[in-house]
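Asks: build me a model:
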Amino acid sequence: ANTASPRAACDIDAADIRRTVTIAGRYFIFQSFFSVHTIRLVPIISQSNSNIKEQCAFFTNFMRFCNMTKNKYDILQSDMKTPTPSKKVLVLLSRADLTHRNHLNGVLEYMHKNVTPRWSVQLGLRENDGGYPKTETLRNYDGVIAIVNDMQTHRSIVCAGIPAVLFEPEKLAKSAGPTPENVVTFLHDFESQGESAAEYFLSRGFVNFAYVGTFNRTLWSEGRKDGFVSRLSAEGFSAHIYKPPENRFKIDFSLEIRRLSRWISKLPQRTAIFVAHDERAREVIFAIKNTDRSIPEDIAVLGVDNDELLCSTFVPSISSIEVNSRSTGVSTAKALEAIFNGTVQEKEISIKNTHIITRRSTDAFSLNDPFLSRALSYASANLSSKPHLDEIAAAAKCSKRTRFSEEHSRRNSRQCRFRKRQDD
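Replies: This next block holds a predicted model:
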């Protein structure tokens, strides 16, 4: 090193540095150290007889030197930074079905793409013990994302005082009152799903209706029932309500199927049954097969969740209201990150799922007129191609000048209104 160079500004003598490098035995090469005020470390094969402890001692002394002179030199040591500890997040689900698993997948998808460092996520599944999380346990976490169906769980999470995103029925959120600043609520409008199911069946000409809910009458099941019954009442119709046992774990499956079969046998012909979720819809179809009714000509069945594996592989395939739970999971994770960062913009977010996937279990129109039934079936199946009147008449095997009754015209109007709402 040249004594006239800027090394004189250093607090450590250059001779000490040369001695330290000699001990290391060419473990590092120093390039342009004093000329450009930059240290570049290039590891090479050590050709000295010094042991590992001596080389480690050199590196430790050298890094101390770097820290002392960091205002004058650019030290390339990004890999040696202490990692920021990740946040512990609890994802609390109430069931292990596809919808709730997709919600968890949405949370993980957002975390892997957008959160650094990644959260330490732990899954809590309430159906294993039927209980609700204790406030003391929740305080061990930095945040929680929870699907909430009862007031006890809501209060337990809120009292914990940690950042939380709650996905719960709108009625429950309203009855619980205002929440703290570090809580964001996603309001699931289950009533709108029931209303959509009612309009769907009305558009297909059904005049007899029924509803089958869950065993323990959960808030989301009751919400779908209320929306279904309310929309039918507005059109002057009523619905038969099946009353299941209170606890599904205390009932034999075969006994429940026989009980459902007896109830279905008493329903009028051409009844449309709305079911709380797809798994329950499968049980209803099992029960229908034990009767002399056919699907969908005599009994139509509509579920909720659109579990494609279950709905598409079952015979007959099950029509269902689609619930985009993965997208909702992404949104809840984004909301939790906003709470962590203090950038929350909305404390209440409304979620509606009303898109219906038609499969074999509802693929029929309940009409006395065979011409109109065939015409509507063809028009519904080819709606995207905008079929011409001549094509519809040919499919219905009648003249396009055929006059239909006022009642049939009213039902056709319902079909058009429902299709418009689906497109919107």
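Asks: alpha carbons only for contacts and neighbour counts from here, please
Replies: Noted.
Asks: now for the closest residue to Leu219 other than its chain neighbours: which residues touch it?
Replies: In space, and not counting its chain neighbours, Leu219 is closest to Asn149: 6.2 Å by CA to CA, 6 or more residues apart in numbering. Each residue near Asn149 by CA atoms under 8 Å, 6 or more residues apart in numbering is listed here: 94, 168-169, 172, 218-220.
Asks: any of those buried? List them.
Replies: 94, 168-169, 172, 219-220 (16 or more other CA atoms under 10 Å).
Asks: now for these, which pair is the farthest apart?
Replies: Ser94 and Leu172 (15.5 Å; CA to CA).
Asks: show me what secondary structure element comes after the helix or strand where Ala198 lies.
Replies: Taking DSSP states H and E as the criterion, Ala198 maps to helix 190-203. Proceeding N to C from helix 190-203, the next assigned helix or strand is strand 208-212, under DSSP H and E.
Asks: what is the burial count for Ser385?
Replies: 8 (other CA atoms under 10 Å).
Asks: how about Val107?
Replies: Count around Val107 with other CA under 10 Å applied: 24.
Asks: that one contacts Glu337, doesn't it?
Replies: No: between Val107 and Glu337 there is no contact under CA atoms under 8 Å: 10.8 Å.
Asks: now, among the buried ones among the contacts of Asn149, which is nearest to Asp252?
Replies: Ser94 (22.0 Å).
Asks: pretty sure that closest one contacts Ile147?
Replies: Yes: between Ser94 and Ile147 there is a contact under CA under 8 Å: 6.5 Å.
Asks: pLDDT weak spots in the stretch 301-424 of the chain?
Replies: Scanning the stretch 301-424 of the chain for pLDDT under 70 picks out 366-374, 376-377, 380-381, 383-384, 400-424.
Asks: now do the strands in it.
Replies: 319-322, 348-351, 356-357 (DSSP state E, counting those that start in this stretch).
Asks: tell me the most buried of those strands?
Replies: strand 319-322 (a mean of 24; mean count of other CA atoms under 10 Å).
Asks: give me the sheet partners of that one and which way each runs.
Replies: Counting by DSSP bridges, the strands paired with strand 319-322 are strand 299-305 (parallel), strand 356-357 (antiparallel).
Asks: phi, psi for the closest residue in space to Lys352 that isn't next to it in sequence please.
Replies: Once flanking residues are discounted, Lys352 sits nearest to Asp189: 5.6 Å by CA to CA, 6+ apart. The phi/psi pair for Asp189 (degrees, to the nearest 10) reads phi -90, psi 80.
Asks: gap between Asp189 and Ser120?
Replies: Asp189 sits at a distance of 31 Å from Ser120 (criterion: CA to CA, to the nearest Å).
Asks: flag the shaky bits of this structure, pLDDT-wise.
Replies: Applying pLDDT under 70 to the chain picks out residues 1-85, 95-96, 126-132, 246-251, 366-374, 376-377, 380-381, 383-384, 400-424.
Asks: put the alpha carbons of stretch 200-209 into CSV.
Replies: Taking C-alpha atoms only, stretch 200-209 is exported to CSV below (Å, rounded to 0.1, in the frame of the first residue of the first chain):
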residue,chain,number,x,y,z
TYR,A,200,-83.3,-20.4,-10.5
PHE,A,201,-86.1,-23.0,-9.7
LEU,A,202,-88.8,-20.4,-10.5
SER,A,203,-87.2,-19.8,-13.9
ARG,A,204,-87.5,-23.5,-14.7
GLY,A,205,-91.2,-23.6,-14.0
PHE,A,206,-91.3,-25.4,-10.6
VAL,A,207,-94.2,-24.7,-8.3
ASN,A,208,-93.3,-27.1,-5.5
PHE,A,209,-90.2,-26.5,-3.3
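Asks: who's more crowded, Asp189 and Ser120?
Replies: Comparing Asp189 with Ser120 by other CA under 10 Å, the one with more neighbours is Asp189, at 21 against 14.
Asks: spit out the contact partners of that one.
Replies: Contacts of Asp189 (CA under 8 Å, 6+ apart): 169-170, 350-353.
Asks: what's the answer for Ile147, then?
Replies: 92-94, 166-168.
Asks: Ile356 now?
Replies: Taking CA under 8 Å, 6+ apart, one finds 319-322 in contact with Ile356.
Asks: quick check: it vs Leu92, distance?
Replies: Separation of Ile356 from Leu92 (CA to CA): 28 Å.
Asks: next: Leu260.
Replies: Look at Leu260 and Leu92: by CA to CA, they are 32 Å apart.
Asks: now do Leu310
Replies: Leu310 is 24 Å from Leu92, by CA to CA.
Asks: comparing these two, which shows the higher neighbour count?
Replies: Neighbour totals were compared for Leu310 and Leu92, and Leu92 leads with 21 against 15 (other CA under 10 Å).
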